[in-house]
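Trainee: structure for the following, please:
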Amino acid sequence: MFAIGVNPWIWTSPITDQALASLLPKFAKWGFDAVELPVENLGDWSPGAVGDLLAAHGLSAAAVIAVTSPGRELVATDDETVKRTQDYVRACVDLAVEVGAPSVCGPLYASVGRTWRMSPAERADVYGQLRANLQPLADYAGERGVRLGLEALNRYETSVLNTVAQTLEAIDSLPATIGIMLDSYHMNIEEADPCAAIAQAGPRLVHVQVSGSHRGSPGADHIDWASWLSALSRAGYAGPLCLESFTGDNEAIAVAAAIWRPLAPTQDALARDGLTHLRTIIAGLRA
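Mentor: Model (predicted):
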């Protein structure tokens with residue numbers, strides 16, 4: 001029903017050729033199907049080397065994950081910053097083409113952690129800016145057979161897009177090249193009914209990240225995963241489910257993701273337990 005992928009942020013950051021050379025053999029051995037490839041800085045990993053690694057271990061590139069660190073903004077900013085951010089997203093699209101990833105996903109609209117209050121009129125203006133600044137990126141990605149998936153984040157990480165409904169409003173007039181990436185962690189905080197939100201996303205679904213409600217393993221949390229995955233199937237989603245969490249051993253990523261305590265006995269256990277739980281749920285849905 002779904003391929004299952006994993007994000008190497010569970011173990012380390014930034015993601016480099018060296019890190020992937022160490023991690024990809026383990027992912028394949030454990031039974032993962034795919035890998036998300038974050039791009040914190042262009043040049044951290046090389047598509048040729050990574051493509052060879054993926055092929056050697058029977059893995060696919062689930063998605064290229066664009067990282068909106070400070071200074072990467074498509075809204076409420078100056079023209080030069082918008083241009084620089086668009087160039088970064090285009091470079092991510094090029095990487096996706098080279099490694100065979102179907103999408104580039106993430107909170108492409110603004111840097112993580114940037115929040116400000118908006119009146120309804122101000123929000124409408126921001127969404128208008130977003131549509132205008134995404135349009136050339138939609139054209140660029142569409143010409144190369146790549147989709148862009150916008151990720152709504154929780155209220156503590158952005159004030160631009162927190163829910164599926166807001167995301168659909170923001171991208172309403174854009175082509176199907178622009179869609180939605182779901183993240184179960186953020187949805188657990190922001191969506192009153194996550195399964196209804198999944199149904200609402202429908203044909204705009206591009207990519208899905210999963211983690212427990214506490215950022216740990218799916219299955220070690222309170223999310224009803226059988227209902228969650230059933231909703232994805234009913235919505236027509238047939239792409240990968242990718243485990244995303246973070247390590248507290250890396251100071252930069254621990255602070256950025258607010259990882260203040262261990263979320264599993266080990267990072268390996270977090271990934272393997274999550275994979276086992278998802279496989280069990282999927283097998284039950286097929287039965």
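
Trainee: residues in contact with stretch 129-147?
Mentor: Applying CB atoms under 8 Å, 6 or more residues apart in numbering, the external contacts of stretch 129-147 come out as 74-76, 82, 85-86, 89-90, 93-94, 96-97, 101-104, 108-109, 148, 160, 170-171, 173-179, 206. All C-beta spots, glycine's among them, are computed from the backbone N, C-alpha and C.

Trainee: would you list every one of the helices in the stretch 1-150 of the chain?
Mentor: Along the stretch 1-150 of the chain, counting by DSSP state H, counting those that start in this stretch, helices occupy 17-30, 47-56, 79-99, 120-143.

Trainee: try the stretch 151-287 of the chain
Mentor: Going by DSSP H, counting those that start in this stretch, the stretch 151-287 of the chain shows helices at 164-171, 184-190, 194-201, 225-234, 251-257, 267-286.

Trainee: rank those helices by pLDDT, which is bottom?
Mentor: Of all those, the segment with the smallest mean pLDDT is helix 251-257, scoring a mean of 81.

Trainee: picking up where we left off before, of the contacts of stretch 129-147, buried ones?
Mentor: Buried subset of the contacts of stretch 129-147 (neighbour count, 16 or more other CB atoms under 10 Å): 74-76, 82, 85-86, 89-90, 93-94, 96-97, 101-104, 108-109, 148, 160, 170-171, 174, 177-179, 206.

Trainee: circling back: out of the helices of the stretch 1-150 of the chain, which one sits most buried?
Mentor: helix 79-99 (a mean of 18; mean count of other CB atoms under 10 Å).

Trainee: what's near enough to touch the residue lying closest to D273 once chain neighbours are set aside?
Mentor: Among residues not flanking D273 along the chain, S217 sits closest, at 4.5 Å (CB to CB, 6 or more residues apart in numbering). By CB under 8 Å, 6+ apart, S217 lies in contact with S211, L243, S245, L263, A264, A269, L270, A271, D273, G274, H277.

Trainee: what's the answer for I178, then?
Mentor: L134, L137, A138, R147, L148, L150, I171.

Trainee: against R261, how distant is it?
Mentor: I178 is 37 Å from R261, where distance means CB to CB, to the nearest Å.

Trainee: same deal with A152?
Mentor: Distance from A152 to R261, by CB to CB: 25 Å.

Trainee: those two - which one has more neighbours?
Mentor: The neighbour count for A152 versus R261, taken as other CB atoms under 10 Å, is higher for A152 (28 against 7).

Trainee: what's the distance between that one and W45?
Mentor: A152 is 27 Å from W45, by CB to CB.

Trainee: returning to what we had before: and the helices of the stretch 1-150 of the chain as TSV, adding mean pLDDT?
Mentor: As requested, those are exported to TSV (pLDDT from 0 to 100):
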stretch	mean pLDDT
helix 17-30	98
helix 47-56	98
helix 79-99	98
helix 120-143	98
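
Trainee: wait, which of those helices is closest to I281?
Mentor: helix 17-30 (17.1 Å; CB to CB).

Trainee: helices or strands next to that closest one in the packing?
Mentor: strand 34-39, helix 47-56, helix 267-286 (3 or more CB pairs under 8 Å, 6 or more residues apart in numbering; DSSP states H and E).

Trainee: how about these in a markdown table, adding distance to A231?
Mentor: Formatted as a markdown table, the helices and strands packed on helix 17-30 follow (distance: least, CB to CB, whole Å):
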| stretch | distance to A231 |
| --- | --- |
| strand 34-39 | 21 |
| helix 47-56 | 30 |
| helix 267-286 | 11 |
